[in-house]
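Undergrad: structural data only, the sequence is not supplied:
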């Protein structure tokens, strides 16, 4: 009896085994449970198939000619695009050292030959349930990012702002040598930083800089509102400080918490620099866009006055200069 429910997409499994008899046996067993099965007999074929259509789970033989299963697993788990695909390593090796090598490569589970069908089904079912949960979290994040873009679309002067921030912040994080998790958080922060503006009325959001004290009080609530919207998703834990604190100033004059200097976490300070540059370079109802050189002078002056992190401002413009030289 298959595991597939009516109306539900069949989950896909890639079987990677150079032994055609073993691969055909696994294909027959799993197809009978309602899974969509693809087969690869060597690493290069497996990698091509994964690039074309990432599977929901991979059954990976360890001993193969050329690139081993350990190497394939290590590379897939190092790639942000494939690291969340569960990998079950299949081997006739039962030595502790071999299992440790698989764990170090990032394998999610192991099956020892000979394979017993019920054990195969149980392990795959468990990992695919976890993959479903991960996919649901990614979908929730995508919905929030789409919502962030919809907030941006309410203001014709900010078209493309979120995407520019996401790309520039991630590039600056990479330039500074931050870890991959922080770079991903910066990219997400670019899309989500102003999500809380969904609660700001259009007549305030589009008014420009001439806000009354009462209107400013409403506008200044948007970082906390955005943080509250995203807080239930634990996968956004590194993004929450970006959302809440990207309007703080080093001299304590920012909002919503009046943080100063090192009280402001690094990632919000980083996104803040990128955000200020984009704002200066973009036309607004109350100002024309500045040229790059004018924006640089303004930001360095404001950093010396205590608004921004001067070191990050300097690194940002070094990054832009490096980009210009490469181009």
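TA: Perfect, thanks for sending it. Just so we're clear, the structure is a prediction, and the values are computed from it rather than from any experiment.
Undergrad: other SSEs contacting the lengthiest helix in the chain?
TA: In the chain, taking DSSP state H as the definition, the longest helix is helix 117-153. Applying 3 or more C-beta pairs under 8 Å, 6 or more residues apart in numbering; DSSP states H and E, we find helix 117-153 packed against helix 20-31, strand 57-61, strand 87-91, strand 109-112, helix 161-175, helix 180-192. The way it works is simple: take the backbone N, C-alpha and C, and place the C-beta from them, glycine included.
Undergrad: quick one, strands of the stretch 151-300 of the chain?
TA: In the stretch 151-300 of the chain, no strands are found when defined by DSSP state E, counting those that start in this stretch.
Undergrad: can you give me the helices in it?
TA: Taking DSSP state H, counting those that start in this stretch to define them, one finds helices in the stretch 151-300 of the chain at 161-175, 180-192, 202-205, 213-219, 222-230, 240-245, 266-281, 292-304.
Undergrad: next, the angle from the longest helix of the chain to helix 20-31.
TA: Interaxial angle, helix 117-153 versus helix 20-31 (axes from the mean of the first three to the mean of the last three C-alpha atoms, to 10 degrees): 70 degrees.
Undergrad: domain assignment for this structure?
TA: As assigned by automatic domain parsing, the chain contains the domains 12-134, 154-326.
Undergrad: dump those domains to JSON lines, plus mean pLDDT, distance to residue 146 and mean neighbour count.
TA: JSON lines is the format used below for the domains of the chain (pLDDT from 0 to 100; distance: least, C-beta to C-beta, whole Å; neighbours: other C-beta atoms under 10 Å):
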{"stretch": "domain 12-134", "mean pLDDT": "88", "distance to residue 146": "19", "mean neighbour count": "17"}
{"stretch": "domain 154-326", "mean pLDDT": "91", "distance to residue 146": "9", "mean neighbour count": "17"}
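Undergrad: what sits against residue 221?
TA: By C-beta atoms under 8 Å, 6 or more residues apart in numbering, the contact list for residue 221 reads 196, 199, 200, 256.
Undergrad: which SSE is residue 37 in?
TA: According to DSSP states H and E, residue 37 maps onto strand 36-40.
Undergrad: which residues touch the helix or strand that comes right after that strand?
TA: The helix or strand immediately downstream of strand 36-40 is helix 43-52, counting by DSSP H and E. Residues outside helix 43-52 that contact it (C-beta under 8 Å, 6+ apart) are 14, 16, 38, 40, 55, 58, 60, 64, 66-68, 71-72, 75-76, 82, 85.
Undergrad: among those, which ones are in helices?
TA: 71, 72, 75, 76.
Undergrad: and which of these is nearest to residue 323?
TA: residue 75 (27.7 Å; C-beta to C-beta).
Undergrad: not counting sequence-adjacent ones, nearest residue to that closest one?
TA: Closest residue in space to residue 75, ignoring its immediate chain neighbours: residue 47 at 8.0 Å, by C-beta to C-beta, 6 or more residues apart in numbering.
Undergrad: and the one you found, how far from residue 81?
TA: According to C-beta to C-beta, to the nearest Å, residue 47 and residue 81 sit 12 Å apart.
Undergrad: what does residue 101 give?
TA: 24 Å.
Undergrad: returning to what we had before: so can I have a markdown table of the contacts of residue 221 showing distance to residue 237?
TA: Putting the contacts of residue 221 into a markdown table (distance: C-beta to C-beta, whole Å) gives the following:
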| residue | distance to residue 237 |
| --- | --- |
| 196 | 17 |
| 199 | 22 |
| 200 | 25 |
| 256 | 19 |
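Undergrad: which one of those residues sits closest to residue 298?
TA: residue 256 (24.4 Å).
Undergrad: show the backbone phi and psi for the closest one.
TA: Backbone torsions for residue 256, taken as degrees, to the nearest 10, come to phi -90, psi -10.
Undergrad: just to check, it is in contact with residue 226?
TA: No. Here residue 256 lies out of contact with residue 226, judged by C-beta atoms under 8 Å, at a distance of 10.5 Å.
Undergrad: shared neighbours, these two?
TA: residue 244.
Undergrad: so which of the helices and strands packed on helix 117-153 is nearest residue 301?
TA: Residue 301 sits nearest to helix 161-175 of all those, at 20.2 Å, using C-beta to C-beta.
Undergrad: now do that closest one: everything it contacts.
TA: For helix 161-175, the surrounding residues in contact (C-beta under 8 Å, 6+ apart) are 148-149, 152, 182-184, 186-191, 193-194, 267, 270-271, 273-275, 277-278, 282, 312, 315-316, 318-319, 322-323.
Undergrad: and the angle from that helix to helix 266-281?
TA: Going by the same axes, to 10 degrees, helix 161-175 makes 130 degrees with helix 266-281.
Undergrad: how far does helix 161-175 sit from the chain's center?
TA: 12 Å (C-alpha atoms, centre = their mean, to the nearest Å).
Undergrad: equivalent analysis for stretch 256-273, please.
TA: With C-alpha atoms, centre = their mean, you get 21 Å for stretch 256-273.
Undergrad: now what about that stretch, what contacts it?
TA: Taking C-beta under 8 Å, 6+ apart as the rule, stretch 256-273 contacts 165, 169, 172-173, 176, 182, 185-186, 189-190, 193, 220-221, 223-224, 238, 241-242, 244-248, 250-252, 299, 308-309, 312-313, 316.
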